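A.B. asks: no sequence for this one, just the structure:
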């Protein structure tokens, strides 16, 4: 970013001799022209800052009244100050130099090693760096503001669409029950399936916004695990039959018991994983295997679909995936489902892994903490987490 022809510099130093040296060095340059303001103490500096717009400040480390250059840096705002600060030190001190940079100084100069070239280069670099950082902060602020606007738009659209979609599903149920024409009934069932798919997408969209803002909180309730599993799998029967796919639920005997957990989020994870398996399969068997032991649920959704390479499978479970691949494969059905699963499982102290081969199908393994109702939590098990926000 180019610098102007004239630069205004504040020098805060109570040593007249040091000030004259700085003034002589900066005054030797014809371009840019350095307009220098001298302040001998912090009070004078405050007045100068209120009356002028400076491009940079040179601040001595030792100031009158027991103050130091660090106090000035903190008061002005460090790296967020309206201009960059360069600290002047009397002696070489590595610890002091590190402290100055940590507090927000853009650079430091040892007075005994001060030359015309070093001073000019340091000042120009500090000003240029400050301009770039200021621009970057502005862009980040704009991006955050736009992200907040986008989240609000998504939330409103999702909310407004849910009601008519649910009404449409209800009308389909009524027409199927009352209809006598088999052809019409089949068409209505397809319309209902499409409506359910849209409702599921809207639910995922709302969940993703909550997770991205860090506003998602787990809600524990008591539920029968086998009943929830059977209801979730049966929900997909019409979709599976349409593609000549067989769904098989394999749940251990321990599943026929009451557990305490976020039933809606667990069901959402299963829905997304089963839906992906159906979307990427054209026929064959999809198996949902669930077991609970030692306070943890372990599951696997396996299909005989198109599969993927090992590299692709490994990349889908990396930490960056849930943030960087929103909607990465909407047409194939991956959409936002898998990122949501990954982040929800992390909230429940769990995780996911994928094994797959092109043309031979995919297995998605997942697990999370789940305690049987009436039994104490397993010793050493960490509490459920709150979603971390854009973490």
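C.D. replies: Nice, thanks for sending it over. Keep in mind that what you see is a predicted model, and the values were worked out from it rather than measured.

A.B. asks: How far does stretch 241-257 sit from its chain's centre?
C.D. replies: 34 Å (C-alpha atoms, centre = their mean, to the nearest Å).

A.B. asks: ok, residues contacting that stretch?
C.D. replies: Residues from elsewhere that reach stretch 241-257 (C-beta atoms under 8 Å, 6 or more residues apart in numbering): 193, 224-226, 229-230, 233, 236-237, 240, 274, 278, 281-293, 372-373. To be clear about C-beta, it is placed using only N, CA and C from the backbone, and glycine gets the same treatment.

A.B. asks: Among these, which ones are in helices?
C.D. replies: Here DSSP state H is the test, and those give 193, 225, 226, 229, 230, 233, 237, 240, 274, 278 as lying in helices.

A.B. asks: Mind listing the residues bridging to the nearest residue to the fifth one once chain neighbours are set aside?
C.D. replies: Spelled out, it's residue 230. Closest residue in space to residue 230, ignoring its immediate chain neighbours: residue 249 at 6.6 Å, by C-beta to C-beta, 6 or more residues apart in numbering. Counting by DSSP bridges, residue 249 forms beta bridges with residue 288.

A.B. asks: Check residue 249 and give its pLDDT.
C.D. replies: Looking at residue 249, its pLDDT is 96.

A.B. asks: Please apply the same query to residue 174.
C.D. replies: For residue 174, the model assigns a pLDDT of 72.

A.B. asks: And the one 3 residues further on, by the same measure?
C.D. replies: On pLDDT, residue 177 comes in at 73.

A.B. asks: so which strand or helix has it?
C.D. replies: In this assignment (DSSP states H and E), residue 177 forms part of helix 116-178.

A.B. asks: One more: residue 340?
C.D. replies: helix 337-347.

A.B. asks: just residue 45 next, same as before
C.D. replies: Using DSSP H and E, residue 45 sits in helix 42-51.

A.B. asks: which helices and strands sit right next to the following helix or strand past that helix?
C.D. replies: Downstream of helix 42-51, the next assigned helix or strand under DSSP H and E is strand 56-60. Strand 56-60 is packed against strand 6-12, helix 69-76, strand 85-89, helix 116-178, with contacts defined by 3 or more C-beta pairs under 8 Å, 6 or more residues apart in numbering; DSSP states H and E.

A.B. asks: relative to strand 85-89, how tilted is strand 56-60?
C.D. replies: 20 degrees (axes from the mean of the first three to the mean of the last three C-alpha atoms, to 10 degrees).

A.B. asks: before we move on, back to that, which of the contacts of stretch 241-257 are buried? Put it as a ChimeraX command.
C.D. replies: Here is the ChimeraX selection string for the buried members of the contacts of stretch 241-257, based on 16 or more other C-beta atoms under 10 Å:
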select :193,224,225,226,229,233,236,240,274,278,281,286,287,288,289,290,291,292
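
A.B. asks: Which segments of this protein make up each domain?
C.D. replies: Domain assignment of the chain by automatic domain parsing yields the ranges 6-140, 219-391.

A.B. asks: Residue 169 is nearest to which of those domains?
C.D. replies: domain 219-391 (12.1 Å; C-beta to C-beta).

A.B. asks: where's that closest one relative to the chain centroid, distance-wise?
C.D. replies: 22 Å.

A.B. asks: For the closest residue in space to residue 273 that isn't next to it in sequence, list the residues it contacts.
C.D. replies: Spatially, and ignoring its direct neighbours in sequence, residue 273 is nearest to residue 301 (4.4 Å; C-beta to C-beta, 6+ apart). Residues near residue 301 by C-beta under 8 Å, 6+ apart: 270, 273, 274, 276, 277, 286, 287, 288, 289, 363, 364, 366.

A.B. asks: And for residue 224?
C.D. replies: 256, 257, 258, 259 are the contacts of residue 224 under C-beta under 8 Å, 6+ apart.

A.B. asks: okay, the first one: pLDDT?
C.D. replies: Per-residue confidence at residue 256 stands at 94 (pLDDT).

A.B. asks: From residue 220, how far off is it?
C.D. replies: The spacing between residue 256 and residue 220, counted by C-beta to C-beta, to the nearest Å, is 20 Å.

A.B. asks: what's the closest non-adjacent residue to residue 310?
C.D. replies: In this structure, residue 310 finds its nearest non-sequential neighbour in residue 356, 7.3 Å apart by C-beta to C-beta, 6+ apart.

A.B. asks: Hmm, I typed the wrong one, I wanted residue 105.
C.D. replies: residue 87 (4.6 Å).

A.B. asks: Wait, that neighbour touches residue 71, no?
C.D. replies: No: between residue 87 and residue 71 no contact is recorded; they are 11.6 Å apart, counting by C-beta atoms under 8 Å.

A.B. asks: out of those two, which sits in the more crowded spot?
C.D. replies: Ranked by neighbour count (other C-beta atoms under 10 Å), residue 87 and residue 71 place residue 87 first, with 27 against 15.

A.B. asks: Now for the more buried one: which residues touch it?
C.D. replies: 59, 60, 61, 69, 73, 100, 105, 107, 108, 109.

A.B. asks: rerun that using 6 Å as the cut-off
C.D. replies: 59, 61, 69, 100, 105, 108 (C-beta atoms under 6 Å, 6 or more residues apart in numbering).

A.B. asks: so it bridges to which residues?
C.D. replies: In this entry, residue 87 is beta-bridged to residue 59, residue 108, by DSSP bridges.

A.B. asks: How about residue 7?
C.D. replies: residue 34.

A.B. asks: quick one: low-confidence parts of the stretch 1-150 of the chain?
C.D. replies: For the stretch 1-150 of the chain, the stretches with pLDDT under 70 are 1-4, 149-150.

A.B. asks: ok, now with 50
C.D. replies: 1 (pLDDT under 50).

A.B. asks: Also the stretch 251-391 of the chain?
C.D. replies: The low-confidence ranges in the stretch 251-391 of the chain, as defined by pLDDT under 50, are 319-334, 379-391.

A.B. asks: 70 - rerun?
C.D. replies: By pLDDT under 70, the low-scoring segments of the stretch 251-391 of the chain are 318-336, 375-391.
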